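just the structure for this:
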Amino acid sequence: MLRQEQVTFEVKTSAQGLIEITDQVQSWIGQTGIMRGQLTVFVRHTSASLTIQENADPDVRLDLETFFDRLVQENPSLYRHTCEGPDDMPAHIKSALTDVSLTIPVDNGYAMLGTWQGIYLFEHRHAPHRRNVILHLIGE
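Have a look, this model is predicted:
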């Protein structure tokens, strides 16, 4: 029989960067008892995003962070929206270039990630934040 489960959890960030949340996601899927279905992961913020990336070599994360910092400059003269600091508008742009939601198939009670894939919250602001991530699973 088709069921739905949903939970919200908080991710505390300390600065810009990629924070792996794969273990929290996989653990929650296991707790639902749903063996096969579709998982939606959603972050409720406009200056943070989600991505699925390699989780074996930390240089991948560093290269991604470096690339996005070069692509989207923190230069207040480039933007109109500057009232929340020089990193805010660049954070919005980085979020728009990535994703705020992911859809992942679930089989045998696990998110069907590849061997080297992990689920990451991508914090785009310098200051620490508390980010809300919603997991919604539908299946049987």
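
where do the strands of the protein begin and end?
3-13, 17-20, 37-43, 48-54, 101-107, 110-111, 117-123, 129-139 (DSSP state E).

name every strand pairing with the third one and say which way it goes.
The strands beside strand 37-43 in its sheet (DSSP bridges) come out as strand 101-107 (antiparallel), strand 129-139 (antiparallel).

sorry, back to before: in JSON lines: the strands of the chain, plus mean pLDDT.
Formatted as JSON lines, the strands of the chain follow (pLDDT from 0 to 100):
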{"stretch": "strand 3-13", "mean pLDDT": "98"}
{"stretch": "strand 17-20", "mean pLDDT": "98"}
{"stretch": "strand 37-43", "mean pLDDT": "98"}
{"stretch": "strand 48-54", "mean pLDDT": "98"}
{"stretch": "strand 101-107", "mean pLDDT": "98"}
{"stretch": "strand 110-111", "mean pLDDT": "98"}
{"stretch": "strand 117-123", "mean pLDDT": "98"}
{"stretch": "strand 129-139", "mean pLDDT": "98"}
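
for residue 69, find the nearest of the ones you listed.
Closest approach to residue 69 among the strands of the chain (Cβ to Cβ): strand 17-20, 10.7 Å. Placement of C-beta: from N, CA and C, glycine included.

so what strands line up beside that closest one?
For strand 17-20, pairing defined by DSSP bridges yields strand 117-123 (antiparallel).

the strand it pairs with to strand 3-13, inter-axis angle?
50 degrees (axes from the mean of the first three to the mean of the last three Cα atoms, to 10 degrees).

now the spatially most central residue of the chain: how far from residue 7?
Central residue of the chain (Cα atoms, centre = their mean): residue 50, 2.3 Å from the mean position. Remark: distance between residue 50 and residue 7 (Cβ to Cβ, to the nearest Å) = 16 Å.
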